[in-house]
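Undergrad: below are the sequence and a predicted model; questions follow.
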Amino acid sequence: MIGPELIGIGQLELGIKDPDTGVLKPVLKGISLELGRGEAIGLVGESGSGKSMTLRCILGIEPRNAAVRGRIMFDGEDLLSLPAERMRRVRAGRLALISQNPHASLNPVLPIETYLLEGMPEIRNAKAARLRAGELLEQVGIRSVDRVLKSFPHQLSGGMLQRVVIAGAISGKPDLLLADEPTTALDVTTQAEVAAILDEKRRDLGMSMIFVTHDLDLAAAVSDRLAVMRYGEIVEIGTPEQIRDNPQHPYTRMLMSIRPTLDGVQPALAPAPQPQIGSIL
Amino acid sequence: MSSNIIEISGLNKTFRVSGKHEAVRALDDVSVTVREGSCMAVVGESGSGKTTLARVLVGLETKDSGEVSIAGAPVTASLRRREQRRRARAVQMVFQDPNGSLNRRLPVGTAVDEVLRAHFQLNAAQRKARVSELFRSVGLTDAHAQSLPANLSGGQKQRVAIARAFAAEPKVIVLDEAVSALDVSVQAQVLELLDELRRDKGLSYLFITHDLSVVRNIADDVLVMRHGKVLERGSVGDVLDRPSSPYTKLLLECAPKPGWKPRRGVIEHLNSEIAS
């Protein structure tokens, strides 16, 4: 871990209750993870590994029929036992989520300007708030600031919208950015640009980040450490270099060897585990 | 020397977009030939026209002008029944989302059985045997054939979609981002399966993808498209190792790989290079 601890997840377990039988289906099986202030960690895994569910637990937005155990210590308090109102304040002021689909964060009938101004209630002066909104858009590489501020979500491309969401996420200078496959739906060139912006802004503002992705190389590029997840467990944690050069767990080695690569090495076809059928994610 | 199974020349297609005066040129004078038994990858980002090209080739979309043929016979988007049947025997398509080819209320074996009913004179017992055989060829069992789509994983459903495409015994299969939604471990298995089936049956593929690593692993030749135009074509080795188009270089540079770092401004830099 780099720096003093910001978040410490201890033995986090989550089960989803089957509505018919009442049986708990385990989704997270004892996740433990510490993240330092200003540190970025990449959560890497395939579908059903529990990476997104871990983020949902931090935000306190796990499914209704889920049973959660363990602790999530955030700056000294356990988010799992925080009263709803206090949790709401932590979410509003100290955490920010960037999801795969920017439309999930944006109201389709309101212009971008409204979205950004909603996130800065502390600025009373409307003119000052608008200036700040424009400044944020410039920071994420948007040139035609005035046009974008007046636009509605459907008028902008996916890459542009994801920049808007990043601008909104960094506007309150949260302690922790939670990025859930933020570039997966983007074209590869746009992905490179958006990942670079996210990485740069996070470092500039000294924010911690949990970056969830299925792409090992992408995670390595924006993270200080990687945690490889499978079936609700972290199988290996290490720096990107450790994971790349000296993976310890057989699953990590399988992931490394099986993905198609640009340099033409045929993937070695190991007997790959079938993902669990009917994952709740 | 192998002959060309797909011949496309001077293909144009424009779309009218509501609220805009100018039509979008989805395909701008596109010419492609695919050698019999080979796999041609078509690479590009959103809006490049790669999916429109696939849809015109399987007759799902009309063309404005140009020639499209498979095994010497022209492909049209005609809705006449005879033409549709002929087209289905010439070319089949596998989509990114297998759910689109499967009825949620019917066992997945039915999707394959329907193809056999439509194109072959087989009795029920013969069809049943053929469905089993097709499922086995994609690594699935009779138990899978009797399952509903909801009880299969994404990788298994994509295998069913592949079995369905093979059932019509076409000459060409068009795969539109067919492995893009799959986890890497499943993706590797499906790529291996596709490669095996192509060799066994002497089929030809048009493989649409945005992923250059996948191109490296499955294709013989590759076509790079952007804004409806073909920017570069050649063997996979030539295009990926010695790209001549600045855009191909950009795609290669932006793809995450070990030791890679994303950089800001790369797109603008190359855009100006392409423009000049």
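TA: Nice, thanks for sending it over.
Undergrad: quick one: the helices in the stretch 1-150 of chain A, in order.
TA: A:51-59, A:84-94, A:112-118, A:126-139, A:145-150 (DSSP state H, counting those that start in this stretch).
Undergrad: buried residues in the helix or strand where B:Gln156 lies, which are they?
TA: Applying DSSP states H and E as the criterion places B:Gln156 in helix B:154-167. Across helix B:154-167, burial judged by 16 or more other CB atoms under 10 Å in any protein chain shown covers B:154-167. All C-beta atoms are positioned from the backbone trio N, CA, C, and that covers glycine.
Undergrad: cool, and stretch A:142-152?
TA: Quick answer for stretch A:142-152 (16+ other CB under 10 Å): A:Ile142, A:Val148, A:Leu149, A:Ser151.
Undergrad: which one of those is nearest B:Arg242?
TA: Closest approach between those and B:Arg242, by CB to CB: A:Ile142, at 35.4 Å.
Undergrad: of all the helices of the stretch 1-150 of chain A, which one is nearest chain B?
TA: With respect to chain B, and counting by CB to the nearest CB, the nearest of the helices of the stretch 1-150 of chain A is helix A:126-139 at 11.2 Å.
Undergrad: what are the contacting residues of that closest one?
TA: A:113, A:116-117, A:120, A:123, A:145-146, A:148-149, A:163-164, A:167-168, A:170-171, A:201 (CB atoms under 8 Å, 6 or more residues apart in numbering or on different chains).
Undergrad: averaged pLDDT, the helix holding B:Gln156. What do you get?
TA: For helix B:154-167, mean pLDDT rounds to 94.
Undergrad: the following helix or strand past it vs helix B:154-167, what angle?
TA: Heading C-terminal from helix B:154-167, the first helix or strand you meet, by DSSP H and E, is strand B:172-176. Counting by axes from the mean of the first three to the mean of the last three CA atoms, to 10 degrees, strand B:172-176 lies at 150 degrees to helix B:154-167.
Undergrad: show me what strand B:172-176 is packed against.
TA: Packing partners of strand B:172-176 (3 or more CB pairs under 8 Å, 6 or more residues apart in numbering or on different chains; DSSP states H and E): helix B:50-57, strand B:91-94, strand B:204-209.
Undergrad: does any bit of the longest helix out of those in chain B sit next to chain A?
TA: If you go by DSSP state H, chain B has its longest helix at helix B:184-201. Yes. Helix B:184-201 reaches chain A (CB under 8 Å from any CB of the partner chain) through B:Val184, B:Ser185, B:Val186, B:Gln187, B:Ala188, B:Gln189, B:Leu191, B:Glu192.
Undergrad: and the fourth one, what is it in contact with?
TA: Under the criterion of CB under 8 Å, 6+ apart, the contact partners of B:Gln187 comprise A:Arg259, A:Pro260, B:Val179, B:Val214.
Undergrad: one step back: CA atoms only: put the longest helix of chain B into PDB for me.
TA: Presented in PDB, the C-alpha positions along helix B:184-201 are these (Å, rounded to 0.1, in the frame of the first residue of the first chain):
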ATOM      1  CA  VAL B 184     -11.000 -13.700 -22.400                       C
ATOM      2  CA  SER B 185     -10.900 -17.400 -21.300                       C
ATOM      3  CA  VAL B 186     -14.100 -18.100 -23.200                       C
ATOM      4  CA  GLN B 187     -13.100 -15.900 -26.100                       C
ATOM      5  CA  ALA B 188      -9.900 -18.000 -26.600                       C
ATOM      6  CA  GLN B 189     -12.000 -21.100 -26.800                       C
ATOM      7  CA  VAL B 190     -14.500 -19.700 -29.300                       C
ATOM      8  CA  LEU B 191     -11.700 -18.400 -31.500                       C
ATOM      9  CA  GLU B 192     -10.000 -21.800 -31.500                       C
ATOM     10  CA  LEU B 193     -13.300 -23.400 -32.300                       C
ATOM     11  CA  LEU B 194     -13.900 -21.000 -35.200                       C
ATOM     12  CA  ASP B 195     -10.500 -21.600 -36.600                       C
ATOM     13  CA  GLU B 196     -10.900 -25.400 -36.400                       C
ATOM     14  CA  LEU B 197     -14.300 -25.400 -38.100                       C
ATOM     15  CA  ARG B 198     -13.100 -23.200 -40.900                       C
ATOM     16  CA  ARG B 199     -10.200 -25.500 -41.700                       C
ATOM     17  CA  ASP B 200     -12.400 -28.700 -41.400                       C
ATOM     18  CA  LYS B 201     -15.200 -27.400 -43.600                       C
END
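Undergrad: which of the residues in that helix are buried?
TA: B:184-194, B:197-198.
Undergrad: and the angle for it with strand B:172-176?
TA: 170 degrees.
Undergrad: JSON lines for the helices of the stretch 1-150 of chain A, including mean pLDDT and distance to B:Asp29?
TA: Output for the helices of the stretch 1-150 of chain A, formatted as JSON lines (pLDDT from 0 to 100; distance: least, CB to CB, whole Å):
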{"stretch": "helix A:51-59", "mean pLDDT": "96", "distance to B:Asp29": "44"}
{"stretch": "helix A:84-94", "mean pLDDT": "94", "distance to B:Asp29": "53"}
{"stretch": "helix A:112-118", "mean pLDDT": "94", "distance to B:Asp29": "37"}
{"stretch": "helix A:126-139", "mean pLDDT": "94", "distance to B:Asp29": "38"}
{"stretch": "helix A:145-150", "mean pLDDT": "95", "distance to B:Asp29": "32"}
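Undergrad: let me know which of those is tucked in deepest.
TA: Per residue and on average, the most neighbours among the helices of the stretch 1-150 of chain A fall to helix A:51-59, with a mean of 23 (mean count of other CB atoms under 10 Å in any protein chain shown).
Undergrad: okay, angle between it and helix A:84-94 too, please.
TA: Using the same axes, to 10 degrees: helix A:51-59 against helix A:84-94 is 110 degrees.
Undergrad: show the pLDDT at the residue of the stretch 101-250 of chain B found nearest chain A.
TA: Here the stretch 101-250 of chain B gets closest to chain A at one residue, B:Ser185, 3.5 Å apart by CB to the nearest CB. pLDDT for B:Ser185: 85.
Undergrad: so B:Lys257 touches A:Asp217, yeah?
TA: Yes. The criterion here is CB atoms under 8 Å, and B:Lys257 meets it with A:Asp217 at 5.4 Å.
Undergrad: quick one, which of the two is more surrounded?
TA: Comparing B:Lys257 with A:Asp217 by other CB atoms under 10 Å in any protein chain shown, the one with more neighbours is A:Asp217, at 21 against 16.
Undergrad: hmm, B:Trp260 and the more buried one touching each other?
TA: Yes. The pair A:Asp217 and B:Trp260 passes the contact test of CB under 8 Å, sitting 6.0 Å apart.
Undergrad: roughly how far apart are the residue of the stretch 101-250 of chain B closest to chain A and A:Gly48?
TA: B:Ser185 is 12 Å from A:Gly48, where distance means CB to CB, to the nearest Å.
Undergrad: also A:Leu82?
TA: In terms of CB to CB, A:Leu82 sits 28 Å off from A:Gly48.
Undergrad: more neighbours: which of these two?
TA: Neighbours per residue (other CB under 10 Å) separate A:Leu82 from A:Gly48, with A:Gly48 holding more: 22 against 16.
Undergrad: in the chain, which residue is closest to the centre?
TA: This is for chain A. Centroid-nearest residue in chain A: A:Ala179, 2.0 Å away (criterion: CA atoms, centre = their mean).
Undergrad: was after chain B, sorry
TA: B:Leu175 (2.1 Å).
Undergrad: quick one: low-confidence parts of the chain?
TA: All of this refers to chain A. A:264-281 (pLDDT under 70).
Undergrad: chain B, not that one
TA: B:1-2, B:271, B:274-276.
Undergrad: let's go with 80 and repeat that
TA: Residue ranges of chain B with pLDDT under 80: B:1-2, B:18-21, B:266-276.
Undergrad: so A:Arg230 makes contact with A:Glu46?
TA: Yes. The criterion here is CB under 8 Å, and A:Arg230 meets it with A:Glu46 at 7.2 Å.
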